[in-house]
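Chemist: return atomic coordinates for the entry below.
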Amino acid sequence: MKHSPAYRLAATVLHGFDEYRSRFKQITTDASRRFRDAAWREAQQASAERINLYGEKVDETRERLCRTFDEEVLTHCECWGEAKRHYAELISQRLDYELAETYFNSMFCSLFHHRHIRNDWMFVYSSRDGAAHHSGIERCRRVKVGGDWDAAIRWALAEAPFETPYDDLQHDARLGGEFLRHHLPGAILDAPDAEIELLKSVFYRNKGAYLVGRIKGGGEQVPLVLPVLHDDGKGLHLDTVIIEPDEVSIIFSFTRAYFQVNVQVPREFVRYLKELMPDKPEGELYAAIGFFKHGKTEFFRALNHHVAKREDRFIIAPGVRGMVMAVFVLPSYRTVFKIIKDRFDPTKEMSRENVREKYRLVKRHDRVGRMADTQEFSHFIARQDHFDPECLEHLLHVAPSTVHLKGDKVIIEHCYTERMMTPLNIYVEQCDADEIRAVLKDYGNAIKQMAAANIFPGDMLLKNFGVTRHGRVIFYDYDEVSYLTECNFRHIPEPMYPEQELADEPWYSVGPNDIFPEEFGPFLFADVRLRKLFFELHPELFDADYWKSVQQAIRDGRVIDVYPYRNKQRFAGTDSNGLVY
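Modeler: Numbers count the residues shown, from 1 in each chain. Predicted coordinates:
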C-alpha cells in the first residue's frame, strides 16, 4: 500500500521521536547502575547528555526530513495539517502520547522558524484534552503500618530496587520510625488504616536516591520522601525523612537538576506528583522528571489560558532595570519574561550570543538548588492590549530587533521565562533584623553552593538574586556566569608606599579573569551595616584562599553534592562529600 506524503511525514517524525525516547530511557535506566557504583562524575555527564539529547534528535530528524521530502511538502502547512491527523492516529495508543505531540511541535517549529503556530497544523492543544485515558498500570507499592512504624520504614527501604546493601538497615528503620512518631499528625499516626505508599520507580539525582510517595490514614495524608545515600565502601543509609509539603516541593524545585527516574505513563505519573505538591505547576513537574520540553509545552498552554482571562497586563518588572536584559511580568502569573537588549550598558563587554551561551551553560549544568531553570521561546506573540503602554514602549526602545508590532500583535522573536521571585535587594528593604540575618546567611550559602558546583556567578549584586516563597535565595542573572575553575582568585598585593593606596587606579596589574575577594564588601553592599553582617556570617568569601581551595577540590575530581534539605533534618549530619542548603 502506497501512503501519502503526509502519512510518511508523520511516520518519519514518529521514528525520530522513538529514537529519542529509546536513548532517553537508556540514560535514565542506567542511573541505578551509576548509583550502585558511586559513579558521581559519570552521573553529571549523563545528566548533561540527556538534556542535550532532545535538540540533537530534533536536528537529526529535520535533516532526515529534508533528505526524504521535497521542499514543497515540508513547507506546505496544509500537508502538515494532514500529517498531524495521521500522527494523532499513530500515537493514539501510546502511553507517552503527550511527549510525542511535543516532539511533532518541535519539528514543525524547527522547519517554520516558530511561525504559523495554529492548532490546525500542530498540537497547540493536546489531541486527548478531556479524554479519560487510564493505563491500568500500577505505579505504587503499599504496606499497612499496623502500629509498627519501624517495620513500615524497614519495608520501604528493603523493598526498594537497590543493588547495594544498607550499612545498617535496622538502625535506619529505627531512625525513620522514630521521626514519624514524633512528627506525623495524630490522626494519621494512630489511624488503624495507616499505610505507606511509594512509587515503584526510584528518583536518582547526583549522589542521592529518593523514594517518593505518601502516608495515608484516618482520612488524611502527607507526602513522604526517603532520601537514601551511598557511602562508597560502607553501603546505603537513610539520610532523613521528609513529610512537609513545602520541603518536598523544594526537593522538586525548578532550581535543581532533573531527576533520572523511569516513568511508564508520564501524565499519570505527573498527576500523582501533583497530588503530593498541589501548588507546583504541571509543567515544572514534567521538567523535574526530565521532560523539560513537554514542561515548556504545558507552561505555554497554561499561559495562553491565563492571558485569555485578561485579568491584568504585562508590566515592567519591579526592581533595578538590567544592563543586559529587559524584564517584564504579568503580575498575576508567577513568571518573568526576559529579553536580551540590543545595546548593553558600557560596562558589559559581551555579545548577544555570549549571553545565550551563558544561559545554555546553566541549562546543562547542575543548578544545585541555587539557579533558576529557564525556558527559551522564539516568535512569542501576544495582543498589544495585553501590554501596559509604558512596558511596551520600553521593550520597543531597548530591543527593537527582538520586539516589533504587526497590526494589533506584539511579536517577540526571542525571550526566556523564569519563575518569579522577589529581588533580594527589594526583599532586604522590607525585612526586620532577624529576617535580614537569615536571608544574608542564605545568600552566602547560595554563593558557596554554586562554587561547589564549579559555578561563579560573576555579578553577585543583590539585584541578581531572588527570594522564593520558601525564603530560599536563588541566582537568576546569567550574563556573567563562568566556571569557577576559569577564575583567577588573588589577594590584593600590599602597596609599596602610601600614595599607591590613594591613587585612582590600582597599583597592581589586573588580568581579564582576575578576581579579588577582598573587594566584595563595598561592591555588594552600599549599606555598611549589611556589609559587616555579611562578613560576620561568611568571612571566608572574602578570602582568596577559600576560593582556591574549592577550585582545587573540583580539579581533584571531587564531586560535592548539595542536598535539598537542611542539615538539622539529616540523621547523619554533614559528611566530607556533601553540602546542605
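
Chemist: under the pLDDT cut-off, which ranges of this structure? List them.
Modeler: The model of the chain has pLDDT under 70 over residues 1, 129-133, 495-505, 507-508, 572-581.

Chemist: show me what the one helix or strand Arg267 maps to is packed up against.
Modeler: Following DSSP states H and E, one finds Arg267 within helix 266-276. Judged by 3 or more CB pairs under 8 Å, 6 or more residues apart in numbering; DSSP states H and E, the packing partners of helix 266-276 are helix 97-112, strand 208-217, helix 282-288. Bear in mind the C-beta positions are built from the backbone N, C-alpha and C, glycine included.

Chemist: any idea which helix or strand comes after the helix ranked longest in the chain?
Modeler: If you go by DSSP state H, the chain has its longest helix at helix 40-68. Past helix 40-68, further along toward the C-terminus, the next helix or strand under DSSP H and E is helix 71-74.

Chemist: specify the beta-bridge partners of the residue nearest to Lys409 when sequence neighbours are not counted.
Modeler: Once flanking residues are discounted, Lys409 sits nearest to Ile381: 5.5 Å by CB to CB, 6 or more residues apart in numbering. Ile381 has these beta-bridge partners by DSSP bridges: Ile411.

Chemist: residue contacts, Ile381?
Modeler: 117, 409-412 (CB atoms under 8 Å, 6 or more residues apart in numbering).

Chemist: make CSV out of those residues and add distance to Asn513 and neighbour count.
Modeler: Below are the contacts of Ile381 laid out as CSV (distance: CB to CB, whole Å; neighbours: other CB atoms under 10 Å):
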residue, distance to Asn513, neighbour count
Ile117, 42, 16
Lys409, 44, 12
Val410, 40, 21
Ile411, 39, 15
Ile412, 34, 19
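
Chemist: among these, which one sits closest to Tyr563?
Modeler: Set against Tyr563, the nearest of the contacts of Ile381 by CB to CB is Ile412 (38.2 Å).

Chemist: please report how far the closest one lies from Ile315.
Modeler: Look at Ile412 and Ile315: by CB to CB, to the nearest Å, they are 15 Å apart.

Chemist: and what of Asp96?
Modeler: To Ile315, Asp96 is 38 Å away according to CB to CB.

Chemist: higher neighbour count, those two?
Modeler: Taking other CB atoms under 10 Å, Asp96 and Ile315 do not tie; Asp96 has more neighbours (20 against 16).

Chemist: so who does the more buried one touch?
Modeler: 21, 265-266.

Chemist: repeat that with 6 Å
Modeler: Shown in contact with Asp96 (CB atoms under 6 Å, 6 or more residues apart in numbering): Pro266.

Chemist: likewise Cys109?
Modeler: Contacts for Cys109 (CB under 6 Å, 6+ apart) come out as none.

Chemist: cutoff 10 Å now
Modeler: With contact set as CB atoms under 10 Å, 6 or more residues apart in numbering, Cys109 has these partners: 58, 115-117, 122, 378-379.

Chemist: also Phe520?
Modeler: Shown in contact with Phe520 (CB under 10 Å, 6+ apart): 447, 460, 531, 534-535, 538, 541-542.

Chemist: list just the nearest of the contacts of Cys109 to Leu199.
Modeler: Val58 (29.6 Å).

Chemist: any idea how far the nearest residue to the closest one once chain neighbours are set aside lies from Thr422?
Modeler: Spatial nearest neighbour of Val58, chain neighbours left out: Ser106 (5.0 Å); criterion: CB to CB, 6+ apart. Ser106 sits 34 Å away from Thr422, going by CB to CB.

Chemist: between those two, which is the more surrounded one?
Modeler: Using other CB under 10 Å as the criterion, Ser106 and Thr422 rank with Ser106 on top: 25 against 17.

Chemist: hmm, back to that, in helices only, show me the contacts of Cys109.
Modeler: Residues of these located in helices (DSSP H): Val58.

Chemist: buried among the contacts of Cys109? Need that as a selection in ChimeraX.
Modeler: Here is the ChimeraX command that selects the buried residues among those (16 or more other CB atoms under 10 Å):
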select :58,117,122,379
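
Chemist: can you list the contacts of Cys109 in TSV and add distance to Ala399?
Modeler: Below are the contacts of Cys109 laid out as TSV (distance: CB to CB, whole Å):
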residue	distance to Ala399
Val58	27
Arg115	19
His116	23
Ile117	21
Met122	27
Ser378	14
His379	14
